[in-house]
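Q: Kindly return the folded structure for what I paste below:
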Amino acid sequence: MNYKLYNRDGSGGFVVEVALVLAGASFELVKLDSKPGVPLPETFREINPWGQIPVLILPDGTFITESAAIAVHLAACHADKKLAPPVGTSAHAVFLRWVVFMSVNLYECVLRAGYADRYTTDPSGAPALSEAAMQRFGEGLRTIEAELDPGPFIQGSTMTLADVYLAMLFNWYRGDESFPRVMLLRETVARHGVVAPIWQRHFAEL
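A: The predicted structure follows:
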């Protein structure tokens, strides 16, 4: 079973790459020569009309976008690897809750902060929009911080792709000591034996 992942270091495709490696899946990594915060070339729309990464090509040629959706799909396809709780259980419902929460609220804040010009027709308002996005990001993190008890992961002692996703997002927040539980989660994920080399390549830190 071979996948093909279009990605660039430091992007949301990090969680997809981790999912593929944790699953033991065979995949081709196509690294785009561009940096986060810099728009991808228009030619990339031939692969994804929305012009964003990651893009995962499935073994049958179907392509999926949206890092959260890809992570949920891969967890279901490789259920034996326990990347998420079993489908249909209440634990899986909690897993879905937080993955969607982070995708809709936290990831969107990252985009509004980093690409504020996309969200306003008044260029002079972009800085304020970016600042508001980061404030909202903090509010979302506080919601998760309160739930990380006993931790260290979202669902206790077992790491899932939701934790990998949160660690990535919090790294973009650049850390804040007012979120000690989230910080511990990020550090634990970053030092995981399989995740660590991927984390280091994407984020150049541990």
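
Q: Please work out the average pLDDT along stretch 97-109.
A: For stretch 97-109, mean pLDDT rounds to 97.

Q: now swap in stretch 171-185 and tell me
A: pLDDT averaged over stretch 171-185 gives 87.

Q: With adjacent residues omitted, what lies nearest to Leu129?
A: In space, Leu129 comes closest to Ala116 once its chain neighbours are excluded; the distance is 4.6 Å by Cβ to Cβ, 6 or more residues apart in numbering. C-beta coordinates here come from the backbone N, C-alpha and C atoms, glycine included.

Q: The one you found: neighbouring residues, count only.
A: 19 (other Cβ atoms under 10 Å).

Q: what do you get for Gly193?
A: Every residue meeting other Cβ under 10 Å relative to Gly193 is counted, giving 6.

Q: so who does Leu40 touch?
A: 32, 34, 51-53 (Cβ atoms under 8 Å, 6 or more residues apart in numbering).

Q: Assign it to helix, strand or coil.
A: coil (DSSP: H, G, I helix; E, B strand; the rest coil).

Q: For Val72, which non-adjacent residue is closest in space?
A: Nearest to Val72 is Val99, by Cβ to Cβ, 6+ apart, at 6.2 Å.

Q: Which strand residues bridge Glu28?
A: Glu28 has these beta-bridge partners by DSSP bridges: Lys4.

Q: OK, contacts around it?
A: Glu28 neighbours (Cβ under 8 Å, 6+ apart): 2-5.

Q: Roughly how far does His192 sit from Thr143?
A: Distance of His192 to Thr143, computed by Cβ to Cβ, to the nearest Å: 24 Å.

Q: quick one: which of those two has more around it?
A: Set His192 next to Thr143 and count neighbours by other Cβ under 10 Å: His192 wins out with 16 against 13.

Q: now the contacts of Glu28 in TSV, with distance to Leu83 and pLDDT?
A: Shown next, in TSV, are those (distance: Cβ to Cβ, whole Å; pLDDT from 0 to 100):
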residue	distance to Leu83	pLDDT
Asn2	19	94
Tyr3	14	98
Lys4	19	98
Leu5	16	98
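
Q: neighbouring contacts of the helix or strand harbouring the residue nearest to Val72?
A: Per DSSP states H and E, Val99 falls inside helix 90-101. Contact with helix 90-101 is made by 68, 71-72, 84-86, 140, 143-144, 147, 154-155, 160-162, 165-166, as judged by Cβ under 8 Å, 6+ apart.

Q: which ones among those residues are found in strands?
A: Among the contacts of helix 90-101, no member falls in strands (DSSP state E).

Q: For the worst-scoring helix or strand of the chain on mean pLDDT, which residues meet the burial criterion?
A: Within the chain, no helix or strand scores below helix 108-114, which has a mean of 92 by mean pLDDT, DSSP states H and E. The neighbour-count criterion (16 or more other Cβ atoms under 10 Å) identifies 108-110, 112-113 as the buried residues of helix 108-114.

Q: No further questions, thank you.
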